[in-house]
Every structure is written in structure tokens, then in C-alpha cells.
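> Structural data only, the sequence is not supplied:
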């Protein structure tokens, strides 16, 4: 047993320092790891366009998007690259800002997108909504704990 220094309470500063460093390292690691896991699991976030209508003046599509976030961190949707399509024809301009964009961890919520209709396509868009032929496709862009992510918007269950 020579050459071995036993752990003794005679060195409380060294023990306290070691415990403090271990505590700080743990406090920094857990949130970082949690964010990493949430971003890795972003593919499990489900975004579905559930309702679409035209605005009162007919210049925009108003789209309700149901977002289910089963991850352990909040998802904040800040922008969308969403399109209104009939067949292969796009009736809207790209890009849209969103309302109601933060979906908490383990929650389901709704965001509203207003997508500008291209000039001269308003009547076609209204008719496509009425007949159920209008599809909303694209992505929501946002963040999970300050990490940028993109979520595909599916076209299931769109009602006009």
C-alpha cells in the first residue's frame, strides 16, 4: 500500500472542487444532449395541412397546419416554404410567414400560414379548394433549442 494516497477527509478543498466541476459539467451536458436528441428526432414531428380557405379579398390562401411535436423540446416554426398546387401547376408564390408558431414538447398545436396567390390565379385556387383538388406542399422552417430544422408538411386530411 505504499505510494497510494488514500481518499481522506483531510483534503476537503480538493473533494469540493472535484464535486463542483462534476456538477457544472453535468449541468452543461444535459441541456446540450437533450437538444441534440430533440433535433435528431425532428423527423418524428408531424405537420399536416388540415384546412385551407381563401382570404376575404381572395389574394391569399389561409392554411391551418396541425403540428404534433413528440420530442422533448419545443419546436418554434418561424417561416414556411409552402405552395398551393393543382396537379403540377403552382398557384401561389413561395414563402410565407406563420402565426402561432411554438409547439411545446409532447404537444400538438396549430400554426396558420397565409400564402399569396399568384396574380390571375385566384378563381382557379377558389375552385380547386371547393372541389378538393388543391394540395398544400412544402416545409416549415424553425428551431429546436436554437438549432435550425425543417419539417415536411404532408397533404393528408386537407378540407376546403
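Looks like it came in fine. Predicted, not measured: the structure shown is a model, and the values here were computed from it. Numbers count the residues shown, from 1 in each chain.
> pLDDT weak spots in this protein?
1-16, 25, 27-43, 156-160 (pLDDT under 70).
> Beyond the longest strand along the chain, next helix or strand please.
With DSSP state E applied, the strand covering the greatest number of residues in the chain is identified as strand 75-86. Downstream of strand 75-86, the first helix or strand assigned by DSSP states H and E is strand 89-90.
> Look at the closest residue to residue 74 other than its chain neighbours and say how many residues are nearby.
Among residues not flanking residue 74 along the chain, residue 104 sits closest, at 5.1 Å (CB to CB, 6 or more residues apart in numbering). Glycine gets a C-beta too; all of them are placed from N, C-alpha and C. The local packing of residue 104 (other CB atoms under 10 Å) involves 13 other residues.
> where's the one helix or strand residue 111 maps to relative to the chain centroid, distance-wise?
Under the criterion of DSSP H and E, residue 111 resides in strand 107-116. Centroid displacement of strand 107-116 relative to its chain, using CA atoms, centre = their mean, to the nearest Å, is 11 Å.
> Identify each buried residue in it, please.
Neighbour-count burial for strand 107-116, with 16 or more other CB atoms under 10 Å as criterion, is recorded at 109, 111, 113-115.
> helices or strands up against that strand?
strand 60-69, strand 75-86, strand 96-99, strand 102-103 (3 or more CB pairs under 8 Å, 6 or more residues apart in numbering; DSSP states H and E).
> between the longest one and strand 60-69, how many degrees?
Between strand 75-86 and strand 60-69, the angle comes out at 130 degrees (axes from the mean of the first three to the mean of the last three CA atoms, to 10 degrees).
> one step back: state the distance from the residue nearest to residue 74 to residue 76.
The spacing between residue 104 and residue 76, counted by CB to CB, to the nearest Å, is 10 Å.
> what do you get for residue 24?
Note on residue 24: its distance to residue 76, by CB to CB, is 28 Å.
> and those two? which has more neighbours close in?
residue 76 (18 against 10).
> Quick check: bridge partners of that one?
As for beta bridges, residue 76 partners with residue 102, residue 143 under DSSP bridges.
> of the buried residues of strand 107-116, closest to residue 86?
residue 115 (13.6 Å; CB to CB).
> so who does that closest one touch?
60-61, 63, 80, 82-84, 92-93, 96, 136 (CB atoms under 8 Å, 6 or more residues apart in numbering).
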